[in-house]
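Trainee: got a predicted structure plus its sequence, pasted below:
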Amino acid sequence: MAGVEKSGRGIRAGTPDLGTFMAIAGLYVAAHVTLDRLTFLHPFSAIGITPWDPPQGLTMALLLRFGLRYAPAVPVAIGLGELLVRHLAAPWLPALPTLLSVVLTAGGYVAAAAILLKLYRLDADLWRVRDLVRFLAVTIVAALLVAGALVGNFVAFGMIAPGDFWPAVLRSWLGDYVGILTLAPLLLVASRPRSRRRRQATDPGMMLPVMELIAQAATVAGTVWFIFSFDFPQEIKLFYLAFLPTLWLAVRHGLAGAAFGVLLTQVALKVAFQVRGYGAPTVIDFQLLMVTLGLTGLLVGAFVSERRQVSEALWESETRLRAILNTAPDPILTVDAAGVIESANPAVKEVFGWSCEAVVGVPITRLLPGLNPETPEPTHEITGRHQNGVSFPAEVAIGHADGGLGPRTIVVTRDITRRVKAEALVRQHQTELAHVARVSVIGEMASAIAHEESQPLAAIAAYARACRLLLQAPDADLAKISSAIDKLAAQAVRAGNILNRLRDFLHRGEIALVPESIGDIVSEVIEFARTDTASHGIAVIVDLEPGLPPVMADRVHIQQVLLNLIRNAIDAFSESPGPVKEIKVSAGRQEDRIHVAVRDTGPGIDPAALDGLFTPFSTTKDRGMGLGLSISRTIVAAHGGQLRHVPGDAPGAAFHFDLQVADV
Ligand code: ADP
């Protein structure tokens, strides 16, 4: 069954294979003729117009459900009906007008189906009121046009007197339309795809409790029986009672119930007509009322179905939303225009200590004192306050919604205590690493310091001795003495500066970025390393682009980076001295960054060391710690830059890093 998918999805139009097509078409033709035969009653005049023609309902249901490709089956079914039902009843009917009437009827209903499917893109499941209304409107007009054409045809052939044109049209239209009303919606609803029906699981229309259905069917039959227990025309007056059971079905079970009620009422009526032996004119009166009942019942049913679907969809989306809110680990609060909390999800208990019920009506500022709902930033960090008064760092995201009840602010809060702690830990770790490195280089520096300090100290001692000698002289030269004391003081200041620098270097400070001159930083470091470079016979070249702006830097930290790089170069030279011993420190501007490079003419990085160059404790030196480069990289990263080894940029090794230009 390629064309009609029945498994799981119910009956759906596809491209049927020939077997399927023939099976459906054959079934339709057989059902059409059978129905025609069963309902062929009270024909009007000789041409056999009946007051209830359900085969037309079958035709509409076939075309709408399975598509227009079944259109060829329609004239076949109607023609066979004519032949087997009407013609047998009136064998004298001439062939041509009968043939024409078949073509007109089939053409009319196929056209109606084409308009509905192609023009209005009707959903044959009739889920929406709009689709039902279109169906009812198009078929009412189609039935009228078919009736007019049909009767006109018979009048033209002299089979109906021209004076009978309008009564005949009325009857033909009524018969067809009541036939469509009573059968097509029910067939379309009953053949809805199963997957969509399951969606309606809460719609009792699809799980009709059998007892209730029996009671309702019995009420329909009972009401009709009651109406017809009176004599004509009393039944007409009482016909309104027949609305009640159908409306009951419509209200309880939507369109499915209504369609069922309408068909049941019609069948009950038909039985009553037969029992009573009513003639055509009386039946017509009832059928007019039946149209009203059918339209009312179906429309009420469709409204009920649609409403039920809407509320079900709403309920579904609400359930989904509630599930999301209930599982969200972060508090999500809605706040009204006055800043008062309107709703909260359960996570509010975990983070703020408030239950979601208790927090409603509380000003949001009690939970988030620094909250600014107007902030343009999508997320920002502020302080949250737990119900027990404890503050914690929180990240909030703010959204706005403007529903029917006025503007709302949606606040999503995240407790970032753990993140902040982790960040602090990382920072502390970095600082400690840097400290370790500083301590590790102190051994090497100590000799340099001693060397530097020895000079001013020797000078101080010399000046002190000179002063003493001058003072001991009989005619002490006060001018000389004071000059010597000045020089002594200057040397003392120099010695002090050297010590201060050492203290600065050893001080475990946090990184504090302030505008600094890169020239000053570089020259101080070179000064610092001079003893070492000089003793190894290394030339240090400084190449600074003129007019460099200040950079954002922590002077001591960046100096440590430079010192590490310079010391590594010195070490490299001492390990394999070459003909030219040169370290070049250069700095230049690239947009808003200053690029600093330290290049040497040494042996370059040992290829074996390349991979773990920046990995802590990887060293090629006997007494190395393997921390210098990793710490330097961390320091540069804390400045928002990157320290890189640039292979091939120097005869030896080349290291580059960049710093942000200060906005001054
Ligand atoms: P350490 O100096 O304690 O070994 P570093 O992290 O500063 O630790 O350096 C890691 C390794 O990188 C050194 O052992 C050395 O092999 C290599 N290296 C660093 N700078 C240079 C350089 N300028 N020339 C040659 N090798 C270098």
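Mentor: Done, it's in. Numbers count the residues shown, from 1 in each chain.

Trainee: spell out which parts of this protein neighbour the ligand.
Mentor: Contact residues (C-beta under 6 Å from any ligand atom) of the chain with the ligand: 564, 568-569, 572, 600, 602, 604-606, 609, 613, 619-621, 624-630, 652-653. From N, CA and C alone the C-beta is placed, and that goes for glycine too.

Trainee: mind doing that once more with 5 Å?
Mentor: Within reach of the ligand by C-beta under 5 Å from any ligand atom, the chain has these residues: 568-569, 572, 602, 605, 609, 619-621, 624-626, 628-629, 653.

Trainee: off-centre distance for stretch 387-405?
Mentor: The chain centre lies 21 Å from the centre of stretch 387-405; the measure is C-alpha atoms, centre = their mean, to the nearest Å.

Trainee: so which residues make contact with it?
Mentor: 334, 351-354, 368, 371, 373, 375, 378-386, 407-417, 420 (C-beta atoms under 8 Å, 6 or more residues apart in numbering).

Trainee: just the buried subset of the residues of the chain next to the ligand, please.
Mentor: The neighbour count (16 or more other C-beta atoms under 10 Å) marks 568-569, 572, 602, 605, 609, 619, 625-626, 628-629, 653 as buried among the residues of the chain next to the ligand.

Trainee: find the pair from the residues of the chain next to the ligand with maximum spatial separation.
Mentor: Checked with C-beta to C-beta, these reach their widest spread between 602 and 625, with 19.4 Å between them.

Trainee: excluding chain neighbours, what is closest to the closest residue to the ligand within the stretch 501-650 of the chain?
Mentor: The stretch 501-650 of the chain approaches the ligand most closely through residue 628 (2.5 Å), counting by C-beta to the nearest ligand atom. If you skip the residues right next to it in sequence, residue 628 has residue 564 as its closest partner in space, 4.1 Å away by C-beta to C-beta, 6 or more residues apart in numbering.

Trainee: stretch 481-498: which residues count as buried?
Mentor: Buried, per 16+ other C-beta under 10 Å, within stretch 481-498: 481, 484, 487-488, 491, 494-495, 498.

Trainee: and the strand or helix carrying residue 111, what's buried?
Mentor: Counting by DSSP states H and E, the element that carries residue 111 is helix 95-114. Residues of helix 95-114 classed as buried under the neighbour-count rule (16+ other C-beta under 10 Å) are 97-98, 100-102, 104-113.

Trainee: which elements pack onto the helix or strand that that helix is followed by?
Mentor: Using DSSP H and E, the helix or strand that follows helix 95-114 in sequence is helix 129-156. The contact analysis (3 or more C-beta pairs under 8 Å, 6 or more residues apart in numbering; DSSP states H and E) places helix 129-156 against helix 54-66, helix 95-114, helix 165-190, helix 280-327.

Trainee: who touches the second one?
Mentor: When contacts are taken as C-beta under 8 Å, 6+ apart, the neighbours of helix 95-114 outside the stretch itself are 47, 56, 59-60, 63-64, 68, 71, 74-75, 78-79, 82, 86-87, 138-139, 141-143, 145-146, 149-150, 153-154, 156-157, 159.

Trainee: give me the buried positions along stretch 390-403.
Mentor: Those buried within stretch 390-403 under the rule 16+ other C-beta under 10 Å are 393-396, 398.

Trainee: dump the buried residues of stretch 481-498 to JSON lines, plus secondary structure, distance to residue 453 and pLDDT.
Mentor: Output for the buried residues of stretch 481-498, formatted as JSON lines (DSSP: H, G, I helix; E, B strand; the rest coil; distance: C-beta to C-beta, whole Å; pLDDT from 0 to 100):
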{"residue": "481", "secondary structure": "helix", "distance to residue 453": "25", "pLDDT": "88"}
{"residue": "484", "secondary structure": "helix", "distance to residue 453": "20", "pLDDT": "86"}
{"residue": "487", "secondary structure": "helix", "distance to residue 453": "17", "pLDDT": "86"}
{"residue": "488", "secondary structure": "helix", "distance to residue 453": "15", "pLDDT": "87"}
{"residue": "491", "secondary structure": "helix", "distance to residue 453": "10", "pLDDT": "81"}
{"residue": "494", "secondary structure": "helix", "distance to residue 453": "9", "pLDDT": "77"}
{"residue": "495", "secondary structure": "helix", "distance to residue 453": "6", "pLDDT": "81"}
{"residue": "498", "secondary structure": "helix", "distance to residue 453": "6", "pLDDT": "70"}
